[in-house]
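> please work out how this folds:
(one chain, ligands or ions: 1)
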Amino acid sequence: MPAKRTIVITGASDGIGAVAARALADPDIQLILVGRSADKIAAVAADTGGIGLTADFASLDQVRELADQIAGHAGAVDVLLNNAGGTFEPEPRTADDHEPNFQINHLAGFLLTNLLRERLAAAGDGALVLNTASAGNLFGRVDLSDLDWERRRAFQSRCYGTSKLMNIMFTRGIAERWADDGIVSAAVHPGLVASQFGRDSAAVGLIYRTPLSKVAAITPEKGAEPLIALAQRGADPDVNGVYFSRFRAGGRENRQAHDPALIDGLWEASDRLVGLG
Ligand SMILES: NC(=O)c1ccc[n+]([C@@H]2O[C@H](COP(=O)([O-])OP(=O)(O)OC[C@H]3O[C@@H](n4cnc5c(N)ncnc54)[C@H](OP(=O)(O)O)[C@@H]3O)[C@@H](O)[C@H]2O)c1
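Below you'll find the predicted structure:
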């Protein structure tokens, strides 16, 4: 009997991640679902027959424990959907003393993915790392000498946009570095989604709860569609390094997302900050 494919989804307890988990549930797939809240992830795990794990990405130690737990459940990971995230107030700092958008949206996923590299490389038909980015990348600016917003003023929208820009740059870093292991990576903007997004920020939460935003926004079911389609497509070399705006390859990107020196510099700095390099 062929081994089951394994799909790992972070941010699977709510919003588009939970919709994707329910849509991808299948007897031939081992689903490993990650959330911050134990009760919420237990409910999605029960609905899908998946394994529910918890980690707060504001703690890198919890991400390390999570990687060990995933490795304990799966000899190979076919798809890793790095979807956990949100928009956070720049203060207070995380347990690891980082700006929260930088850590929760970028560093934590960077660490988890690196810790799972062997498991990804072990996937029989290649593996896909899919990163949920955002059109907000256009408002970002990566400054390698100030990744933690200590010199610049930390406006929340810029911190968020920068972290989502980093998701695209990380995607390109994987595409460059891990192709020989059969690991491909893509990034996707799901659209403006009426999810729980913004709940960790007073200002953004308010915007997301206005009647106008409800009219402009799509449902989590719609928002999850491109994630589901890409996860089902799997390790297709044609998607390697591609940023999708929903289904459209080549979404609008910040100029920095194409800068090879910056992509490398971000990778090396992230490596050092999470203690890998
Ligand atoms: N909504 C939009 O308009 C929009 C647009 C572009 C991109 N995105 C991106 O889409 C992704 C999913 O967002 P969503 O709209 O589905 O929002 P959501 O409903 O708020 O879901 C966010 C998910 O991320 C998890 N999460 C949040 N903070 C976490 C932390 N500190 N540690 C671990 N997990 C954490 C949540 O876990 P708990 O439920 O357990 O707290 C939840 O499962 C995010 O990366 C977001 O940046 C969203």
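> mind checking the SS state of L130?
Secondary structure, DSSP: H, G, I helix; E, B strand; the rest coil: L130 is strand.
> which residues of this protein fall in helices?
Ranges of helices within the chain are 15-24, 38-48, 60-73, 100, 108-115, 117-121, 156-177, 202-208, 211-216, 220-233, 260-273, based on DSSP state H.
> wait, which of those helices is closest to the ligand?
Checking these against the ligand by C-beta to the nearest ligand atom gives helix 15-24 as the closest, at 2.0 Å. Backbone N, C-alpha and C define where each C-beta goes, glycine included.
> rewinding a little: want to try JSON lines for the helices of the chain, with distance to G251 and mean pLDDT as columns?
Formatted as JSON lines, these follow (distance: least, C-beta to C-beta, whole Å; pLDDT from 0 to 100):
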{"stretch": "helix 15-24", "distance to G251": "16", "mean pLDDT": "98"}
{"stretch": "helix 38-48", "distance to G251": "28", "mean pLDDT": "98"}
{"stretch": "helix 60-73", "distance to G251": "27", "mean pLDDT": "98"}
{"stretch": "helix 100", "distance to G251": "25", "mean pLDDT": "98"}
{"stretch": "helix 108-115", "distance to G251": "19", "mean pLDDT": "98"}
{"stretch": "helix 117-121", "distance to G251": "24", "mean pLDDT": "98"}
{"stretch": "helix 156-177", "distance to G251": "9", "mean pLDDT": "97"}
{"stretch": "helix 202-208", "distance to G251": "21", "mean pLDDT": "67"}
{"stretch": "helix 211-216", "distance to G251": "18", "mean pLDDT": "69"}
{"stretch": "helix 220-233", "distance to G251": "10", "mean pLDDT": "98"}
{"stretch": "helix 260-273", "distance to G251": "17", "mean pLDDT": "98"}
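> would you turn these into a markdown table with mean neighbour count?
What follows is those, written out as a markdown table (neighbours: other C-beta atoms under 10 Å):
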| stretch | mean neighbour count |
| --- | --- |
| helix 15-24 | 25 |
| helix 38-48 | 16 |
| helix 60-73 | 16 |
| helix 100 | 25 |
| helix 108-115 | 24 |
| helix 117-121 | 19 |
| helix 156-177 | 24 |
| helix 202-208 | 14 |
| helix 211-216 | 10 |
| helix 220-233 | 19 |
| helix 260-273 | 17 |
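> turn the ones you listed into TSV, including distance to S134.
As requested, these are exported to TSV (distance: least, C-beta to C-beta, whole Å):
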stretch	distance to S134
helix 15-24	11
helix 38-48	22
helix 60-73	21
helix 100	16
helix 108-115	13
helix 117-121	23
helix 156-177	4
helix 202-208	12
helix 211-216	15
helix 220-233	11
helix 260-273	17
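> for the ones you listed, which one sits closest to R252?
With C-beta to C-beta as the measure, helix 156-177 is the member of the helices of the chain nearest R252 (11.0 Å).
> distance from the chain centre to stretch 172-190, please.
Distance, stretch centre to chain centre, for stretch 172-190: 13 Å (C-alpha atoms, centre = their mean, to the nearest Å).
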